[in-house]
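Colleague: coords below, sequence missing:
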Ligand code: DGL
């Protein structure tokens with residue numbers, strides 16, 4: 001019997017802006033039977049420069065409304081800046097909901113590096129977090145980990161993905177610090193610890209002073225979500241979901257066009 005797909009609960013993907021789309025595109029492939037609701041808190045963007053308590057309260061409040069209104073199967077917090085700050089508070093406030101988080105991929109980077117030099121490219125918020133320090137303490141004490149907090153890359157990625165121009169010089173000045181040389185060794189892995197950055201990975205590769213692995217956690221996050229969402233045999237994709245919500249209430253034309261490209265109604 002074919003499952004009544006419109007009765008399957010949707011998957012909610014959350015970010016401050018367009019970064020979560022890097023996770024959504026992977027999650028879609030693994031969960032073709034589910035509808036997706038993409039939520040961008042663009043009224044609060046960029047999260048990277050918020051003061052911690054204010055941002056945490058904002059995110060927890062926002063989810064009270066989102067969960068009541070959309071009753072998702074699972075929520076993917078596709079934003080390191082949000083999850084490293086508010087993940088525990090969200091799970092405590094809404095224990096009935098499953099939250100899949102995004103954290104800097106420090107553990108896989110520490111396992112894979114050959115040179116022992118790893119860099120973490122993230123927002124200033126993620127770099128400051130106790131959560132990030134704890135990941136280093138737990139999984140990467142044998143490595144030299146450089147944390148690079150970028151003030152501008154998330155904004156640049158927002159412009160770039162909408163077709164705007166970004167200068168090589170400006171990008172290079174944000175990523176340059178990731179490249180470390182020490183005792184004849186060079187950085188060989190850069191963790192993309194902000195979901196906006198994979199959209200610019202082609203530019204990073206071109207500008208990098210030497211080749212490195214740019215670690216994008218999107219697929220691993222999507223696999224984790226898939227493992228928590230019940231499989232329903234023979235379900236067909238529903239037609240009542242797949243839309244994007246912007247907390248500003250007013251996505252501009254390039255944003256609506258972008259969402260359409262990802263199969264989302266804005
Ligand atoms: N996409 C978000 C992240 O993964 C951050 C962007 C922002 O500064 O709001 O951290």
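Modeller: All right, it came through fine. Small disclaimer: the values here were computed from a predicted structure and weren't measured.

Colleague: quick one: residue 170 from residue 196, how far?
Modeller: Applying Cβ to Cβ, to the nearest Å, the value for residue 170 to residue 196 is 15 Å. Bear in mind the C-beta positions are built from the backbone N, C-alpha and C, glycine included.

Colleague: what ranges do the strands span in the stretch 101-250 of the chain?
Modeller: 117-122, 144-149, 181-182, 185-186, 189-192, 213-215, 243-246 (DSSP state E, counting those that start in this stretch).

Colleague: Neighbours of residue 206, how many?
Modeller: 10 (other Cβ atoms under 10 Å).

Colleague: ok, which stretches of the protein are helices?
Modeller: Ranges of helices in the chain, per DSSP state H, are 21-30, 52-70, 80-93, 106-112, 124-128, 130-139, 153-161, 168-175, 201-207, 218-228, 253-261.

Colleague: Now do the contacts for residue 99.
Modeller: 74, 75, 76, 77, 83, 87, 90, 91 (Cβ atoms under 8 Å, 6 or more residues apart in numbering).

Colleague: Tell me the one among these nearest to the ligand.
Modeller: residue 83 (8.0 Å; Cβ to the nearest ligand atom).

Colleague: Pretty sure the closest one sits against residue 101.
Modeller: Yes. Between residue 83 and residue 101 there is a contact under Cβ atoms under 8 Å: 4.0 Å.

Colleague: tell me the pLDDT at residue 234?
Modeller: We have a pLDDT of 74 for residue 234.

Colleague: could you check the distance from residue 150 over to residue 46?
Modeller: Counting by Cβ to Cβ, the gap from residue 150 to residue 46 is 10 Å.

Colleague: ok, residue 63 touching residue 90?
Modeller: Yes. Here residue 63 lies in contact with residue 90, judged by Cβ under 8 Å, at a distance of 6.0 Å.

Colleague: Need the residues touching each of the two.
Modeller: residue 75.

Colleague: picking up where we left off before, got the helices of the chain as JSON lines, with distance to residue 181 and mean pLDDT columns?
Modeller: Shown next, in JSON lines, are these (distance: least, Cβ to Cβ, whole Å; pLDDT from 0 to 100):
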{"stretch": "helix 21-30", "distance to residue 181": "30", "mean pLDDT": "96"}
{"stretch": "helix 52-70", "distance to residue 181": "34", "mean pLDDT": "97"}
{"stretch": "helix 80-93", "distance to residue 181": "27", "mean pLDDT": "98"}
{"stretch": "helix 106-112", "distance to residue 181": "18", "mean pLDDT": "98"}
{"stretch": "helix 124-128", "distance to residue 181": "21", "mean pLDDT": "96"}
{"stretch": "helix 130-139", "distance to residue 181": "20", "mean pLDDT": "98"}
{"stretch": "helix 153-161", "distance to residue 181": "22", "mean pLDDT": "97"}
{"stretch": "helix 168-175", "distance to residue 181": "15", "mean pLDDT": "98"}
{"stretch": "helix 201-207", "distance to residue 181": "17", "mean pLDDT": "98"}
{"stretch": "helix 218-228", "distance to residue 181": "29", "mean pLDDT": "97"}
{"stretch": "helix 253-261", "distance to residue 181": "38", "mean pLDDT": "94"}
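
Colleague: Tell me which of the strands of the stretch 101-250 of the chain lies nearest to the ligand.
Modeller: strand 117-122 (6.5 Å).

Colleague: and that closest one, how far from the chain's centre?
Modeller: 16 Å (Cα atoms, centre = their mean, to the nearest Å).

Colleague: For that strand, the averaged confidence score.
Modeller: 98.

Colleague: When residue 170 and residue 196 are compared, which one has more neighbours?
Modeller: residue 196 (31 against 12).

Colleague: Between residue 150 and residue 46, which contacts overlap?
Modeller: Contacts common to residue 150 and residue 46, judged by Cβ under 8 Å, 6+ apart, are residue 123.
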